[in-house]
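Peer 1: Next comes the sequence, and after it the predicted model I'd like to discuss.
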Amino acid sequence: MKNFTKIIKPTLVAVSITAFLGLSLPTFAGIQSSDKTEQINGNAPNIPRIGVSGDLLVGKTLTVPKDKLHYLFGDKDDGENSNYWDVDISRSTIEWLILAPNATVTEGLAAPAVYTGESFLIPSAAIGKVIGMRITPTTKFGLPRENYQILIMNVVNYGGDGTDPKEVDPGDTGPGPIDPNNPANPKDPNHPNTENPGGNPDEKNPDVGGPGGNKEDGGDGNPGDGSGIVQDGDRYKVIIKSTDGTVILDETKGTNQERRPNKPEVDTEYTVSIVDSQDNNKDVTSDFEKSITWYFNGQMITDPDGVNAGSTTFRTQQNNDLSRARSQDERSEQGLTISITFDNDPDAAINK
């Protein structure tokens, strides 16, 4: 049997003896790092005021201007000389809502957004209803980057969280302004305005026009009634139907479903009528016939047969070869929408 005692290292023996006797080894000098803390928190971005400009009429555009009257963004951390617009991306979070005039705050919070962005083209589906908004104060930099969502139930009013951007309490208990009556808890995220989460109805926005707006002239010679209800501002309405009477567009109706009760079909002839909504929908097509132009997806149709300009009738494709010739594309007409334009001044030269 071999003798292994000669290969036991002296260092190992020393460590074993030290451990046995309960002695500690000396530590070596050097740089020692601590654990990291949580991230530094600043103040949440806030929007003391938000409002829109535009007319409450179908086909008109509402927008949130970047000025101090309609839109004020702030973050206490930015300092007096900061350019808030460089860091603010709140406007990209604006959700536009179509609500019943008597909708509750709960319904406003749950309503699906019909569009997200800085501007909103009012659709026919909004007739008889009001436009609302949800916006999340959001900044490009800093922490927290977001604040609680602001809800405006009717855009005839200004909205906002009611705070001054230079007087926001630190967001050390979480994002959002602090309730001074209960400093340990931020305001309810679904109700950023504790007294009036639906907006500021006592502060009317003077730049919202239309019959339901706040301007002195609502567009019809009378002051707006301040209701916020969307109306259809076009006097003349378009009706498109097939020769067998199947209606594919009727602008005299209110809802989207009523306006577009049927889908256009291929190899079908359609006729347009123009009626006067201020004269019991009297047919006035002959007053505008010469200026009628047909469109696919908003682009003028080039028809080799010359039936486009000044024609009250239009026939959809009989086959794909004919479609390519007039739609200026290597495709079928299937999937395209149909519309018309006309000069709505009966005394215009083109209509004579």
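Peer 2: Good, I have the coordinates.
Peer 1: Leaving out the residues flanking it, which one is nearest to Thr93?
Peer 2: Counting by CB to CB, 6 or more residues apart in numbering, Thr136 is the residue found nearest to Thr93 once chain neighbours are left out, at 4.3 Å. Placement of C-beta: from N, CA and C, glycine included.
Peer 1: so what pLDDT did that neighbour get?
Peer 2: Thr136 carries a pLDDT value of 83.
Peer 1: going forward, begin numbering at 475 instead of 1
Peer 2: From this message on, residue numbering opens at 475, which makes the last subject Thr610.
Peer 1: Wait, it touches Ser564, no?
Peer 2: Yes: with contact defined as CB atoms under 8 Å, Thr610 and Ser564 form a contacting pair (6.6 Å).
Peer 1: Looking at these two, which is more packed in?
Peer 2: Between Thr610 and Ser564, counting by other CB atoms under 10 Å, Ser564 is the more crowded of the two (24 against 20).
Peer 1: For that one, grab phi and psi.
Peer 2: For Ser564, the backbone dihedrals are phi -60, psi -40 (criterion: degrees, to the nearest 10).
Peer 1: That one and Arg619: what is the separation?
Peer 2: 10 Å (CB to CB, to the nearest Å).
Peer 1: same deal with Ser701?
Peer 2: 37 Å.
Peer 1: re earlier: anything in contact with each of Ser564 and Arg619?
Peer 2: 519, 612-613 (CB atoms under 8 Å, 6 or more residues apart in numbering).
Peer 1: Tell me, please, the helix or strand in the protein that averages the lowest pLDDT.
Peer 2: Taking mean pLDDT, DSSP states H and E as the measure, the helix or strand of the chain with the lowest value is helix 484-495, at a mean of 47.
Peer 1: which element follows it toward the C-terminus?
Peer 2: Following helix 484-495 in sequence order, the next helix or strand is strand 520-524 (DSSP states H and E).
Peer 1: That next one - contacts with which helices or strands?
Peer 2: strand 545-548, strand 604-609, strand 624-626 (3 or more CB pairs under 8 Å, 6 or more residues apart in numbering; DSSP states H and E).
Peer 1: Extract the CA atoms of that strand and return them as PDB.
Peer 2: Coordinates of each C-alpha in strand 520-524 appear next as PDB, following Å, rounded to 0.1, in the frame of the first residue of the first chain:
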ATOM      1  CA  ASN A 520     -49.900  65.900 -15.600                       C
ATOM      2  CA  ILE A 521     -52.400  67.700 -17.800                       C
ATOM      3  CA  PRO A 522     -54.100  70.600 -16.000                       C
ATOM      4  CA  ARG A 523     -56.200  71.400 -19.100                       C
ATOM      5  CA  ILE A 524     -57.200  69.700 -22.300                       C
END
